[in-house]
Structures are given as structure tokens and as C-alpha cells.
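> only geometry, no sequence info:
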């Protein structure tokens, strides 16, 4: 409500989601049978379960776990985009990212671009180094540079960036980690 009323500190906002938000939370998922998944979705979303099951049926590649990952990712994306839209409607600078990089370690663990995967890139803590490759270290340097610029200036491009990868618009800007 306070955001809708414009009663908030007007500071630039950066937020985003990862391509496989749900995988890290679903590692120990015990729901394997489709009817249990359908029952669960019905209980969680009694007014919209039919639409959700059409979008995330749990019968395709990846089965129930794949459907749950896609559902959690979509929910995170929807919530984050709504929040970003709300702030940008109030003319607050918003920068939105979509992280898609799957490190060799995450690929081996079958996690994809999981929730929080971007953090070790942003802070340059890719460790142990044997689980990452040159592409990961290059991406980490580029991301860290953009986050530092955002912390300094409120704009991930900085004041003197040669190439504006993140363009502030009335609608929000999306940066895909594959574009860095």
C-alpha cells in the first residue's frame, strides 16, 4: 500500500530472478506421483489449479520436479516483475535482471541457474575454482563491475560506461546474463 501511495524512499532498485529458481528447493522433493502433485496444486491454488496444471502438468520432460521448478520460477518472476512495475510506475529507477548462466558445477548437480546462483558471481566467490571455467570468471568480473557501479551511482551502467547494457525505461529493463 505504501508503494502504491508513493510513500517510500526513492532510491534505485535492482532485482531479478534466475532461470531455475526452484531446483535448489526441490532437491529432496518426495512428490513423484502425478496424482499427488495434482492434489498439492489443487490445495495450494484452489481457484486456479486447472490453469496451473495446464501450464505445468508434471507429465512432460522433468516430470513433477520439472513442473514444480517451472512453477516456482514463474511465481518468482511474476512477483519480482510486479514489484518492479509498481516502483517504476512511481518513476523510481528500476533495473531488472534474469540470470541464466549454468556453471559446470550446477550442470553436474542438475540445478541449472538456481536461486542464489548469481551471488557468487556478483561477489567474486566462485569456489572451489576447479568447478568453474574461464567463461564463469569473465562473467563474474562483468557482473561485479555492474553491481559496483549500481552501488556507487544507482545505475549499473555507471556514469562513464562505454556500453549501456541496462537501460532505464518506464517499463523495466531486463538484462540476461548471457548478454554480458
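Structure received. Source: prediction; values computed, not measured. Numbers count the residues shown, from 1 in each chain.

> I'd like the mean pLDDT over stretch 64-71, please.
If you average the pLDDT over stretch 64-71, you get 91.

> Stretch 6-23 now?
91.

> same check, this time on stretch 78-97
88.

> next one: phi and psi at residue 98?
phi -130, psi 110 (degrees, to the nearest 10).

> Equivalent analysis for residue 96, please.
Residue torsions, per degrees, to the nearest 10, at residue 96 are phi -120, psi 140.

> biggest helix in this protein by residues?
Scanning the chain for the longest helix, with DSSP state H as the assignment, gives helix 63-89.

> any idea how far residue 42 is from the residue located most distally from the centre of the chain?
For the chain, the residue at maximal distance from the C-alpha centroid (C-alpha atoms, centre = their mean) is residue 35, at 28.9 Å. Between residue 35 and residue 42 the computed distance is 10 Å (C-beta to C-beta, to the nearest Å). For every residue, glycine as well, the C-beta is placed using N, CA and C.

> same question, residue 130
From residue 130 to residue 42 the distance is 45 Å (C-beta to C-beta).

> Settle it for me: which of these two has more neighbours?
residue 42 (14 against 8; other C-beta atoms under 10 Å).

> residues in contact with the spatially closest residue to the more buried one that is not a sequence neighbour?
Distances taken as C-beta to C-beta, 6 or more residues apart in numbering put residue 49 closest to residue 42, at 4.4 Å, once the chain neighbours are dropped. The contact partners of residue 49, taken as C-beta atoms under 8 Å, 6 or more residues apart in numbering, are 38, 41, 42.

> out of the residues you listed, which one sits closest to residue 6?
residue 41 (36.7 Å; C-beta to C-beta).

> Verify the stated contact: the closest one with residue 52.
Yes: the pair residue 41 and residue 52 qualifies as a contact (C-beta atoms under 8 Å) at a distance of 5.5 Å.

> Give me the more crowded residue out of these two.
residue 41 (21 against 18).
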